[in-house]
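> Fold the following.
(one chain, ligands or ions: 1)
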Amino acid sequence: MKDQYRTISEQYLQARTDDVTHFLETPSVQSALGDISGARAIDYACGTGHFSRLLKKLGATYVLGVDLSPAMIEAARRAEGENPLGIVYEVSDAATMAIFGSFDVATAVFLFNYAEDEHTLARMLSSVAANLTEDGRLIAVVPNPDFINGRDDMLPYGYFLEEIGKGPERLRVRMNFVGDKKFSIEFTQWSRRAYADALAQTGFADAEWTPFAVSQEGIERYGQELWNAILTNPKSIVLSARRKPA
Ligand SMILES: C[S@@+](CC[C@H](N)C(=O)[O-])C[C@H]1O[C@@H](n2cnc3c(N)ncnc32)[C@H](O)[C@@H]1O
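Model prediction:
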């Protein structure tokens, strides 16, 4: 699978210190995770380790971060070296069905948008299922299937999006970050139906779509108005599900 992040790991690490990450995405994932103290957690597409560190800080006893990109894993390991939390990182393609163990919770923040077709989407979900305990939970963040591009100005949040292709059950999107160090990534915005089919095929149940919520701190810092566009037309959304007992 193509590694888009080979040359942009440092820019991505920097992008993960922004206000959308801090006031919106991180608290939304934290709220979906709930109490994970004592859990064993695997963070798929861990990138530079932002959510792996969150899992550890929330009390997971063991955290494994896996990512396709050696450059992203190197950046995550560097962050671990600077501030050791005991997180283990491995290079691995989530579509290859690698078995790492039995985990209570799996996160996958912006993984499934890298499945180039529905077969790969199902393989990624099968990999996650194979590494979860019975009843283990998947907490994913995915591009919102209902996002309306062009309706709102996303520049106040640090990016703009371009639709660059279209197929059955999918849109191809380029996301252009506009901070100090500009960079772009391309991904697939899958439909709700594509996710529902893939989850059902791979042994998941209880799928829930949960919109992001901004933290109280974010509202106090910037006021409600700044967040209105991203809350009423969210680019991303939390998708959670539970592995059905065999
Ligand atoms: C937008 S980044 C998200 C990183 C991290 N989850 C975060 O939110 O900060 C997407 C990550 O997915 C990884 N990725 C893409 N395809 C993958 C695959 N097939 N298996 C594992 N990781 C993959 C990329 O290398 C990249 O690090």
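> Could you list the residues of this structure in contact with the ligand?
Counting by CB under 6 Å from any ligand atom, the chain comes close to the ligand at 1, 5, 16, 45-47, 50-51, 67-69, 72, 93-95, 109-111, 114. For every residue, glycine as well, the C-beta is placed using N, CA and C.
> All the helices of this protein, residue numbers only.
Using DSSP state H, the helices of the chain run over residues 9-15, 19-20, 26-33, 50-57, 70-82, 118-130, 192-201, 216-222, 224-232.
> hang on, the earlier thing: next step: the residues of the chain next to the ligand restricted to strands.
Among those, DSSP state E puts 67, 109 in strands.
> Kindly give a single ChimeraX line that selects the buried subset of the residues of the chain next to the ligand.
Selection of buried members from these for ChimeraX, criterion 16 or more other CB atoms under 10 Å:
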select :5,16,45,46,47,50,51,67,68,69,72,93,94,95,109,110,111,114
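> need the longest strand for the chain.
If you go by DSSP E, the chain has its longest strand at strand 132-143.
> In this protein, what residue comes closest to the ligand?
Of all residues in the chain, the one sitting closest to the ligand is G47 (2.5 Å; CB to the nearest ligand atom).
> nearest residue to that residue other than its sequence neighbours?
Excluding its sequence neighbours, the residue lying closest to G47 (CB to CB, 6 or more residues apart in numbering) is M72, at 4.8 Å.
> Surely the one you found and D43 touch.
No. With contact defined as CB atoms under 8 Å, M72 and D43 do not form a contacting pair (11.7 Å).
> Would you mark the buried spots in the one helix or strand in the chain whose mean pLDDT sits lowest?
Every helix and strand in the chain was compared by mean pLDDT, DSSP states H and E; the lowest is helix 9-15, with a mean of 79. Judged by neighbour count (16+ other CB under 10 Å), helix 9-15 contains these buried residues: 9, 11-15.
> Can you tell me which of the residues you listed is closest to G167?
Among these, Y12 lies closest to G167 (CB to CB), at 26.5 Å.
> List the residues that contact the closest one.
5, 47-48, 72, 75, 183 (CB atoms under 8 Å, 6 or more residues apart in numbering).
> which residues does the most centrally placed residue in the chain bridge with?
Against the mean C-alpha coordinate of the chain, by CA atoms, centre = their mean, the closest residue is V109 at 0.9 Å. Judged by DSSP bridges, the bridge partners of V109 are V141.
> Could you check the pLDDT of it?
With respect to pLDDT, V109 scores 98.
> Distance to N131 for the buried residues of helix 9-15 - can I get that in JSON lines?
What follows is the buried residues of helix 9-15, written out as JSON lines (distance: CB to CB, whole Å):
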{"residue": "S9", "distance to N131": "24"}
{"residue": "Q11", "distance to N131": "30"}
{"residue": "Y12", "distance to N131": "24"}
{"residue": "L13", "distance to N131": "26"}
{"residue": "Q14", "distance to N131": "30"}
{"residue": "A15", "distance to N131": "28"}
